[in-house]
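Student: my questions concern the predicted model and sequence given below.
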Amino acid sequence: MPNQPRLADFPAQTYDKIRYGDTDRQGHVNNAVFITLLETGRVALLEASGRPLSEPGYDFVLARIAVDYLAEITWPGIVEIGTAVKAVGNSSITVAQALFQHGRCVAKAEAVMVQLDPQTHRSVPLSPALREACGAMRMK
């Protein structure tokens, strides 16, 4: 497949072990599990810089996710997950993600995470420091 991302393109990289229970009737990993694997990648991004990529007292929530399923994931094995900041909004971060098994890109995704005040449940603007930190987590 032309123009597929490589794991090395992503500043935040992690992996997850595929469990037998992740499989569906056809013997491959259920598409809902892809979403869980992508969540693992977003958490890795938020923790990748050695300090949480968030403002103290605020949380990020998932507002949108779009997934392109490119190939099956099979059990047993692991899936490598790459995540990078694609864009920074007023109170949100858009991330690009990809899942890899056996060195092959099996899914691509784009997700929007919004910074939220857990007390008011309202979005909160990103600070200049957080914007700068996001810049360091862009795709290579």
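Tutor: Cool, got the structure.
Student: tell me which helix or strand of the chain sits lowest on mean pLDDT?
Tutor: Ranked by mean pLDDT, DSSP states H and E, the helix or strand of the chain with the weakest confidence is helix 128-135, at a mean of 90.
Student: show residues contacting that one.
Tutor: By Cβ atoms under 8 Å, 6 or more residues apart in numbering, the residues outside helix 128-135 that reach it are 49, 53-55, 85, 88, 93, 115, 126. Backbone N, C-alpha and C define where each C-beta goes, glycine included.
Student: all helices in this structure, in order from the N-terminus.
Tutor: Ranges of helices in the chain, per DSSP state H, are 31-47, 128-135.
Student: sort out which residues of the last one are buried, please.
Tutor: By neighbour count with 16 or more other Cβ atoms under 10 Å, helix 128-135 contains the buried residues 130, 133-134.
Student: just curious, which of those is nearest to Arg19?
Tutor: Cys134 (32.2 Å; Cβ to Cβ).
Student: check what pLDDT the nearest residue to Ala84 once chain neighbours are set aside gets.
Tutor: What sits nearest to Ala84 in space, not counting adjacent residues and going by Cβ to Cβ, 6 or more residues apart in numbering, is Met139, at 3.9 Å. At Met139, the model reports a pLDDT of 88.
Student: repeat that for His121.
Tutor: pLDDT, His121: 95.
Student: check Gly50 too.
Tutor: pLDDT at Gly50 comes out at 67.
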